[in-house]
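In: just coords:
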């Protein structure tokens, strides 16, 4: 048994690491998403099912599972990012429209930018990683207006969705 002698050794041991195992095509849990948000120092408000969003909107990131809470462990992750009292965006790696539950949650934000670009391959289970990548990009690169920055993030990916998982993994390393 090895003794940990410094706070940095303990912190290093406890920090999640994106490894080849987590980069495998497997779904992330709410706990995984929370750990990676801490690692990347992302402004995560919380992880919610679409039918369990909070009553009050706060500035920060919301990782939303598109399955209702009563239906089980989850099916697909999306990002709702609130920047301030006027600006928020919605990101779905499958390019789906904003669901009614999220529209209700963001009712004071008009318009709500979202992408209809399908960047995740339909056979991929990496939606949680796409959410983390978008949140990381939108949280750390602030050289442009929000819409331009969102467009820049989407333009990291190509039309061939089978190639996008590799682009995603390279970005998150």
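Out: Arrived safely, thanks for sending. The structure presented is a predicted model; accordingly, all values stated were derived computationally and were not measured. Numbering: from 1, shown residues only.

In: alpha carbons only for contacts and neighbour counts from here, please
Out: Noted.

In: show me the strands in this structure, by range?
Out: For the chain, strands defined by DSSP state E occupy the ranges 44-49, 60-65, 77-82, 88-91.

In: okay but residue 25 is in contact with residue 124, surely?
Out: Yes - counting by CA atoms under 8 Å, residue 25 touches residue 124, with 6.2 Å between them.

In: sorry, back to before: want to throw the strands of the chain into a markdown table with distance to residue 128, mean pLDDT and mean neighbour count?
Out: Formatted as a markdown table, the strands of the chain follow (distance: least, CA to CA, whole Å; pLDDT from 0 to 100; neighbours: other CA atoms under 10 Å):
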| stretch | distance to residue 128 | mean pLDDT | mean neighbour count |
| --- | --- | --- | --- |
| strand 44-49 | 11 | 95 | 19 |
| strand 60-65 | 8 | 95 | 24 |
| strand 77-82 | 5 | 97 | 24 |
| strand 88-91 | 11 | 97 | 23 |
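
In: I'd like the ones you listed as JSON lines, with distance to residue 105 appended.
Out: Below are the strands of the chain laid out as JSON lines (distance: least, CA to CA, whole Å):
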{"stretch": "strand 44-49", "distance to residue 105": "12"}
{"stretch": "strand 60-65", "distance to residue 105": "11"}
{"stretch": "strand 77-82", "distance to residue 105": "10"}
{"stretch": "strand 88-91", "distance to residue 105": "11"}
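
In: do you have the helices of the chain handy? List them.
Out: Secondary structure of the chain by DSSP state H: the helices cover 7-14, 20-23, 30-39, 100-105, 127-140, 146-154, 161-172.

In: tell me which of these is the most buried.
Out: Looking across these with neighbours counted as mean count of other CA atoms under 10 Å, the highest average goes to helix 127-140: a mean of 21.

In: show me the shaky parts of the chain.
Out: For the chain, the stretches with pLDDT under 70 are 1-24, 68-74, 143.

In: any idea which residue sits dead centre in it?
Out: Geometric centre of the chain, nearest residue: residue 131, 2.1 Å, by CA atoms, centre = their mean.

In: contacting residues around it?
Out: By CA atoms under 8 Å, 6 or more residues apart in numbering, the contact set of residue 131 is 63, 77-79, 91-93.

In: what's the closest of those residues to residue 152?
Out: Of all the contacts of residue 131, residue 91 has the smallest distance to residue 152: 13.3 Å, by CA to CA.
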